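Engineer: predicted coordinates and the sequence they were generated for:
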Amino acid sequence: MTAAWRGVHRLVALLATVAALGACTTSPVVSGGSQSPTVTVAAPSVPTRSGEYRPSGGAALADEPDYYRDGCRFTADVDTPPPAGRCVYGDPHGQPVAIVGDSKIGQWMPALQRIAEVEHWRVLFYSRSSCPFATEADQTNCSRFVERVFTQLRDEEKPKLIFSSHISRTDQVIRSESALLTQLHTAIGTRAVLLADTPQPGKSSIFDCLRAATDYVADCSFRKNDGSGTPALRAIAQQVPDAVFVTMNDVVCPTTATCPPVLDHILLYRAGSHLTKTFINALAPTLHRRLIEAGVAKGPVITAS
């Protein structure tokens, strides 16, 4: 084990003594444990009860981020990240900003790509399916992938910001990711943005339900929730110096007790708990505003697509 990795594991041991989960908050932005006020930006908000919506049918399943078609979707059998410069988005000459975690951060790429153009970010895409940014992950391939990404970021690319999200919620992931992000902050000043996991629609198929529904809200809404990985991501943000936690779940589920499947005739989910590219694009201005509130973006706020 190298001296650098011994340092990482010492950080893991130290952070193990920190409480795993912080207090829950409904504020969309938490920075250094403090809350920032909500700024309202137009976003889909009215539940659709019947009629047409977009995307629909097969188009909904194919409504994916660009990285799927670009050869940058890394699956569970991958243990080596792409070489520096391959999966890059945004401003090719801008400030480096890294994307890590599983497909729940990947779903936000349509919005982050648009934000990157305004912010002059060079977005380095290192998300991998079923793989949180942690070296204590369940899968050996995931741990190897993360170790190599960490080294590449620290020694070569030195990102200004690092965005992370995932569905994982174990203490091991909290400890390990907190340690890695802390070391990047200490070594090269990287600031971490933990983006909340999005609500889980449950086991039923949204598509099957909508096809048979007479009232989308009454028939296909699901119980409001904060997403599987959100408690862990909030805890990590509280443990990493200068990190921020940002959630969009109050916009994804704007009603009181349930989450509607269609807002303003836009379908929310394309597969499992992954949001459609169309809906993510509609949320992009709100996400940008919240990143500005958190102090990790400057603006001006992008307009709706």
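Structural biologist: It's in.
Engineer: check for me that residue 150 belongs to a strand.
Structural biologist: No: Residue 150 is assigned helix when assessed by DSSP: H, G, I helix; E, B strand; the rest coil, not a strand.
Engineer: who touches stretch 104-117?
Structural biologist: Contact partners of stretch 104-117, identified using CB atoms under 8 Å, 6 or more residues apart in numbering, comprise 65-67, 73, 89-91, 94, 97, 99, 121-123, 125, 127, 163-167, 195, 197-198, 227, 229, 273-275, 277, 280-281, 283-284, 287-288, 291, 297, 302, 305. C-betas here are computed from N, CA, C, even on glycine.
Engineer: just those residues: which are in helices?
Structural biologist: 277, 280-281, 283-284, 287-288, 291 (DSSP state H).
Engineer: for this protein, where's the lowest mean pLDDT among helices and strands?
Structural biologist: Lowest on mean pLDDT, DSSP states H and E among the helices and strands of the chain sits strand 34-36, with a mean of 35.
Engineer: what lies in contact with the helix or strand just after that strand?
Structural biologist: The C-terminal neighbour of strand 34-36 among helices and strands, as given by DSSP states H and E, is helix 58-61. Under the criterion CB under 8 Å, 6+ apart, residues 207, 267, 270-271, 276 lie in contact with helix 58-61.
Engineer: quick one on the thing from earlier: make a PyMOL selection of whichever of the contacts of stretch 104-117 turn out to be buried.
Structural biologist: This is how PyMOL selects the buried members of those, with burial counted by 16 or more other CB atoms under 10 Å:
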select buried, resi 65+67+73+89+90+91+94+97+99+121+122+123+125+127+163+164+165+166+167+195+197+198+227+229+273+274+275+277+280+281+283+284+287+288+291+297+302
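Engineer: please list only the buried members of the contacts of helix 58-61.
Structural biologist: 207, 267, 270-271, 276.
Engineer: nearest to residue 246, of those residues?
Structural biologist: Closest to residue 246 out of the buried ones among the contacts of helix 58-61 is residue 276 (20.1 Å), distances taken as CB to CB.
Engineer: ok, the closest one - contacts?
Structural biologist: Residue 276 touches 55, 60, 63, 266-270, counting by CB under 8 Å, 6+ apart.
Engineer: secondary structure, pLDDT and distance to residue 212 added to those, as CSV?
Structural biologist: Putting those into CSV (DSSP: H, G, I helix; E, B strand; the rest coil; pLDDT from 0 to 100; distance: CB to CB, whole Å) gives the following:
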residue, secondary structure, pLDDT, distance to residue 212
55, coil, 96, 19
60, helix, 92, 16
63, coil, 96, 21
266, strand, 97, 20
267, strand, 97, 15
268, coil, 96, 18
269, strand, 95, 16
270, strand, 92, 19
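Engineer: counting neighbours, which of those residues comes out on top?
Structural biologist: Among the contacts of residue 276, the one with the most neighbours (other CB atoms under 10 Å) is residue 268, at 26 neighbours.
Engineer: now for the closest residue in space to that one that isn't next to it in sequence: which residues touch it?
Structural biologist: Using CB to CB, 6 or more residues apart in numbering and skipping residues adjacent in sequence, the residue nearest residue 268 is residue 279, 5.3 Å away. Contact analysis of residue 279 by CB under 8 Å, 6+ apart lists 44, 263, 266-268.
Engineer: can I get these in JSON lines with distance to residue 112?
Structural biologist: Below are the contacts of residue 279 laid out as JSON lines (distance: CB to CB, whole Å):
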{"residue": "44", "distance to residue 112": "18"}
{"residue": "263", "distance to residue 112": "21"}
{"residue": "266", "distance to residue 112": "19"}
{"residue": "267", "distance to residue 112": "21"}
{"residue": "268", "distance to residue 112": "18"}
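Engineer: any idea of the mean pLDDT in stretch 69-86?
Structural biologist: Averaged over stretch 69-86, pLDDT sits at 91.
Engineer: distance between the ends of that stretch?
Structural biologist: Taking CA to CA, to the nearest Å, the first and last residues of stretch 69-86 lie 14 Å apart.
Engineer: and the residue most central in space within the chain, how far from residue 123?
Structural biologist: The centre of the chain sits closest to residue 105, judged by CA atoms, centre = their mean, with a distance of 3.0 Å. Per CB to CB, to the nearest Å, residue 105 is found 11 Å from residue 123.
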